[in-house]
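Colleague: I would like to see how this sequence folds:
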Amino acid sequence: MTVDSPLVILTLIDFPSTIPLQVWQFRDNQPIRVGRAHDNDVVLDHALVSRYHMEIQPQSTDALPSWQVINQGANGTFLNGALVTRILLPETGMLQLAKDGPVLQFQILASPQVSVPAASHCQHEGNAPDNIFCIHCRELLVPVQRVIGGYRVIKTIGQGGMGTTFLALDPMGSRPSPLLVLKEMHDEMADIAKAQELFTREARVLQTLDHPGIPRYYASFVEDGKRFLAMELIHGLNLAEWVNVHGRVSVDLAIDWMYQVCQILDYLHSRQPPLVHRDIKPANLILRRYDRQIVLLDFGAVKEIGTNQGTRIGSNAGYTAPEQHQGRPCPQSDLYAVGATLLFLVTGKQPDTFYRRSENGSHGIDISEVSDIPGVLRSIITQLTKLDPRERIPTAAALGEMLAQCRIRH
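Modeller: Below is the predicted model of the structure:
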């Protein structure tokens, strides 16, 4: 193809996989501002990114147009791994905003009528073994396993009792990233009425939700008698994986993460009718890599308050409230799971490790003898995991306020 004017292409990628998350193109010969503030040309909402972190500026020269990057961020800017202050940019490369910050892949087509080789002519040199797309031409580097509903399945992500999830490519999509999650219901589940109901409900509920902490719904369809759900791909580690890799979490970080969960739950519980997730646990909470925000996954168990009680759904290891095991979930059931998740994060141990038999013969979580949990946080966890939902903190909003105050005192 040909370029009618100087062109700079910036692609936010999931590093090091190079999966594209968002793309910007600039044809005008004007400075490109990048940072956290909303009046930048490229806005990156990340804690390590400064409000005005860097500029990519055109250079006046009699030769071919060239561009330089100027760092303005407190945490530095890195060109292909090297810390820079002001430097001319090559035609392609990687810019990272802060050492552990977001990564922008750039491509500069600096002269009018520059011929760009077709993707098939690219030799794909310099790509890491696990790259999904070529860093030069963005061609898919891995084979397509199958095609479902026009989506190209690249690999299996996971398998559960209800179905299998795939990483898939939407070649016709207009979204910033062509990659998505495709969920397929198992054959043996397709003949079970309750399983069909849950799968259909997940698609219907996701379609109505709009929150940055919830994956976006794309489509649901039936092909060859099988049900499929397409949704946003979230990059990062879930909190169970995070603890497995890094060990137990600091109190401040655990509070920050659960405060974000409270914001998501407040949104769900405030819907009409209220929605109870019913499966809050570390494996369903993912720390999104590019902005370090928590996203709530797996809405297969979500339930509208006021509908029939139906199936008893819960997780093992102590995250499920007693009333939910009895088929009577309520918003406070999700808050019980938040308390159990907090306990797991700060101790690295599953909540059922702390089960004790009470005087009346029932089992419940008892952390009275756990010394390394601050008193205020211990009180919050204890109240959240009360056996009677009426004795728990009443709402996600109230819990969020308590966690915010706990962070200030701590």
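
Colleague: Packing partners of the helix or strand encompassing V23?
Modeller: In the assignment (DSSP states H and E), V23 maps to strand 19-26. When contacts are defined as 3 or more C-beta pairs under 8 Å, 6 or more residues apart in numbering; DSSP states H and E, strand 19-26 sits against strand 7-14. No exception for glycine: its C-beta is placed from N, CA and C like everyone else's.

Colleague: Packing partners of the strand it packs on?
Modeller: strand 19-26, strand 32-35, strand 103-109.

Colleague: got a markdown table for those, with mean neighbour count and distance to D130 too?
Modeller: Output for these, formatted as a markdown table (neighbours: other C-beta atoms under 10 Å; distance: least, C-beta to C-beta, whole Å):
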| stretch | mean neighbour count | distance to D130 |
| --- | --- | --- |
| strand 19-26 | 17 | 10 |
| strand 32-35 | 22 | 27 |
| strand 103-109 | 21 | 15 |
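
Colleague: Identify the bridge partners of the closest residue to L169 other than its chain neighbours.
Modeller: Using C-beta to C-beta, 6 or more residues apart in numbering and skipping the chain neighbours, the partner closest in space to L169 is R152 (4.3 Å). Beta-bridge pairing for R152 (DSSP bridges): V147, L169.

Colleague: quick one: the helices in the stretch 251-400 of the chain?
Modeller: Shown for the stretch 251-400 of the chain, the helices assigned by DSSP state H, counting those that start in this stretch span residues 251-269, 322-325, 331-347, 375-384, 396-409.

Colleague: which one of these lies closest to R288?
Modeller: Of all these, it is helix 251-269 that lies closest to R288, at 10.3 Å by C-beta to C-beta.

Colleague: Now do the buried residues in the closest one.
Modeller: For helix 251-269, burial by neighbour count (16 or more other C-beta atoms under 10 Å) applies to 251, 254-269.

Colleague: Ok, stretch 267-277 next?
Modeller: Those would be Y267, L268, H269, L275, V276, H277, for stretch 267-277 by 16+ other C-beta under 10 Å.

Colleague: out of these, who's nearest W24?
Modeller: Lowest distance from W24 to the buried residues of stretch 267-277 (C-beta to C-beta) belongs to Y267, with 28.9 Å.

Colleague: what about the closest residue to that closest one other than its chain neighbours, which helix or strand?
Modeller: Nearest residue to Y267 in three dimensions, chain neighbours excluded: H211, at 5.0 Å (C-beta to C-beta, 6+ apart). Following DSSP H and E, one finds H211 outside all helices and strands.
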